[in-house]
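> how does the following fold in three dimensions:
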Amino acid sequence: MAQLAILNSSLQFLFVELLGRVGLGEGVLQYATYEMSQMYTIDARILAAREQKLLLENFQILANRGILPINQEISSTDRKMLDQVIFNGLGLTQDERDAVYEAVINLVETRLKKASSLHPKDRQKRSMMGNEAAD
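As a prediction, the model looks like this:
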């Protein structure tokens, strides 16, 4: 169960944003099954039992609410509490933690901005021309 909590961390969001394929329209990320085996993740076993318990407690709070827009999600208290357990386990400095948050926000905003800049006709034309991979 601690691994599930880690998969919902901001650090995992960063890995997803970095490795996902875009170009499907509406800013959707895609992964093929074989690509999932290449996905980075943190092994919950790096955390002591006490830290895993704290991680799960924080995850329960986070899991019982809806997903927020990225800027609100990243700055929410419950998200930061969950991430703190993982960041502490990894020994990340405050600057490194801030860099994770900044990267996630920038990557999501860039992906969504690009998707919203394409008009439906442009997307259809690109698809017909086989240029989806150009994203």
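
> least trustworthy helix or strand in the chain by mean pLDDT?
Lowest mean confidence among the helices and strands of the chain (mean pLDDT, DSSP states H and E): helix 120-128, at a mean of 52.

> residue 116: what secondary structure?
Under DSSP: H, G, I helix; E, B strand; the rest coil, residue 116 falls in the helix class.

> so what pLDDT did it get?
pLDDT, residue 116: 71.

> distance of it from residue 110?
Noted for residue 116: a distance of 11 Å to residue 110, by C-beta to C-beta, to the nearest Å. (Each C-beta comes from the backbone N, C-alpha and C, glycine too.)

> so these two - more neighbours on which side?
Between residue 116 and residue 110, counted using other C-beta atoms under 10 Å, the more crowded position is residue 110 (13 against 10).

> read off the pLDDT value for that one.
85.

> secondary structure element for it?
helix 94-117 (DSSP states H and E).

> what packs against that helix?
Applying 3 or more C-beta pairs under 8 Å, 6 or more residues apart in numbering; DSSP states H and E, we find helix 94-117 packed against helix 10-19, helix 70-75, helix 77-90.

> next SSE after the first one?
Taking DSSP H and E as the definition, the helix or strand that follows helix 10-19 towards the C-terminus is helix 33-36.

> and the next element down the chain from that next one?
Going down the chain from helix 33-36, the next helix or strand is helix 49-63, by DSSP H and E.

> and that following helix, what does it pack onto?
On a contact count with 3+ C-beta pairs under 8 Å, 6+ apart, helix 49-63 meets helix 2-7, helix 77-90.

> so which of those gets nearest residue 35?
Of all those, helix 2-7 sits nearest to residue 35, with 15.5 Å by C-beta to C-beta.

> show me the contact partners of the closest one.
The contact list for helix 2-7 (C-beta atoms under 8 Å, 6 or more residues apart in numbering) reads 12, 41-44, 47, 52, 55-56, 58-59, 82, 86.
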